[in-house]
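Peer 1: show me how the following folds:
(one chain, ligands or ions: 2)
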Amino acid sequence: MVVFGCGSDPAVVTAPRTGPDPAATALALPRAVDLNPDPRVVEINLEARMGEWELSPGRRVRAMTYNGGVPGPLIEARVGDTLVVHFTNRLAEPTTIHWHGLRVPADMDGSPRSQQPVAPGGSFEYRFTLPDAGTYWYHPHAAEARQMEAGLYGAIVVRGDDEPRVDAEAVIVLDDVTLGDDGQIAPPGDLLEIHGGRDTGIQVINGRANTVLPMRAGQRQRWRIVNAGSARFYRLSLPGHRFTVIGTDGGMLTTPRTLDELLMVPGDRYDVLVDAVAPPGTRATLRNLPYSRGHGAGVFEAEDVVAVAYAADAPLPSLPSPTTSRAIEAIDATGATPREVRLSEQVDEATETIRFMINGASWPDVPALPATVGQTQVWDVINESEMDHPIHLHGFFFQVVARDGVPETARSWEDTVNVRGRERVRIAFRPDDRVGMWMFHCHILEHVDHGMMADVMVER
Ligand code: C2O
Ligand code: CU
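Peer 2: Ligands and ions are numbered 1, 2, ... in the order given. Modelled structure (predicted):
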């Protein structure tokens, strides 16, 4: 059983087996304050407003914040709870909130297809139930590249009834921030940046650079990792340790999978167990390994993401292998409706313009794909460009069926999938009765801004 402490440092929570670790504050995420005494309702105030973001001690930049901090407050709830968010926009420009990964009704989705942006000074009440346990996040769906880079994002944890036993849990939100010559967050860049996406800034974890994640030898920690960066891909490795993946975007896997590396594309989540196998008093470093995402974009030298510091305390006895699992039935594709989703780009250096396209057009001019409630959709996402595009579908989880015709062996529910340059990825999903216009798009935010976005219209 995990016991969640109260107080001001909820990002790393520690069970009685170890006692609270004061060093945990290094990764602290403020927790949203629940105003509703009903245990099944989480009701919070969220305000988008300008503020200061302290990237590291003494290094502050002007930022857009939720409730004054970056990331915004951690929203925690249990499966089946109702979440009520009283949102007020105190920015000088319109914004919305999209609940990335949550299966909400279409009119709560915060996308430009489902909601009028909330004007400066305006407010909106988001209200929906939380049907699935897992790790999710929230962010604006207006001027995405600029507003998210400026600090508007936060994490959501929805807990189920049958969570694995761990000693500590950390919510780890990855991001990078590009500063200009004036030391402030740089305005949108040139053609090269638009093309590759902004991914060379200062590395931050939960909004802070150069942080430390505390561990105790023998502990089992659960890391809920969110990639909130504009374009940075993370190929994470913790030398000397392995990741036991228990969940992805849409919650638990069928059985845990042990991996040495995790590839996290923008928008992605991973839920992993990390057993602290190194000796007391030692240090390890969570690294981002080189990954080329085509066209000269990507990370070409390993970089440090966060230091992991082992306490001097004697090792705890290790826990037995996790048994957590969940049945995921493969989507039956017989009689499914096939669709093609072609990703392409057009660069015109003469006019300094760039267009990213889906099925030959840029949003909002891409014809919506039709779908009906209960109909199995099988999409071939065909990347006609040389670079990776992480594709995110709103509202519904899908299964990855095959990559370049090779069936995918591991089964999971996803809302974001990387499609490599020239690759063809087949996904399947079945819309439930939440009719409406649902977006799908590349989660490289500069590509969103330049048209790589489209809609699926779900009707009865
Ligand atoms: Cu996280 Cu439409 O996005
Ligand atoms: Cu893209």
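Peer 1: what segments of this structure are helices?
Peer 2: Remark: helices assigned in the chain by DSSP state H are 144-149, 191-196, 445-449.
Peer 1: domains of this structure?
Peer 2: Each domain of the chain is listed here as a residue range: 31-160, 162-325, 337-459, per automatic domain parsing.
Peer 1: measure the last one end to end?
Peer 2: This points to domain 337-459. 14 Å (C-alpha to C-alpha, to the nearest Å).
Peer 1: quick check: bridge partners of the residue in the stretch 201-350 of the chain that ligand 2 sits nearest to?
Peer 2: Ranked by C-beta to the ion, the top residue of the stretch 201-350 of the chain for proximity to ligand 2 is residue 343, at 7.2 Å. All C-beta spots, glycine's among them, are computed from the backbone N, C-alpha and C. Counting by DSSP bridges, residue 343 is bridged to residue 358, residue 383.
Peer 1: again, but for residue 378
Peer 2: Applying DSSP bridges, one finds that residue 378 bridges with residue 338, residue 428.
Peer 1: for it, give me its contacts.
Peer 2: 333, 336, 337, 338, 339, 401, 426, 427, 428 (C-beta atoms under 8 Å, 6 or more residues apart in numbering).
Peer 1: quick one: the fourth one and residue 371, what's the gap?
Peer 2: Taking C-beta to C-beta, to the nearest Å as the criterion, residue 338 is separated from residue 371 by 12 Å.
Peer 1: out of the contacts of residue 378, grab the one that's most surrounded.
Peer 2: residue 427 (24 neighbours; other C-beta atoms under 10 Å).
Peer 1: what is the burial count for the closest residue to residue 272 other than its chain neighbours?
Peer 2: Of all residues not flanking residue 272 in the chain, residue 243 sits nearest, at 4.3 Å (C-beta to C-beta, 6 or more residues apart in numbering). Residues contacting residue 243 under the criterion other C-beta under 10 Å number 22.
Peer 1: contact residues of the stretch 151-300 of the chain facing ligand 1?
Peer 2: residue 267 (C-beta under 6 Å from any ligand atom).
Peer 1: looking at the stretch 51-200 of the chain, which residue is nearest ligand 2?
Peer 2: residue 197 (7.0 Å).
Peer 1: what about that residue, how many residues close to it?
Peer 2: Neighbours around residue 197, by other C-beta under 10 Å: 29.
Peer 1: quick one: contacts for it?
Peer 2: 230, 231, 232, 266, 297, 444, 445, 446, 447.
Peer 1: now do the contacts for residue 175.
Peer 2: 71, 153, 204, 207, 228, 229, 232.
Peer 1: which residue, other than its chain neighbours, is closest to the residue of the stretch 51-200 of the chain closest to ligand 2?
Peer 2: residue 231 (2.5 Å).
Peer 1: correct me if wrong: that neighbour contacts residue 448.
Peer 2: No - judged on C-beta atoms under 8 Å, residue 231 makes no contact with residue 448 at a distance of 10.4 Å.
Peer 1: looking at those two, which one has more neighbours?
Peer 2: Neighbour count, other C-beta under 10 Å: between residue 231 and residue 448, residue 231 has more, with 27 against 24.
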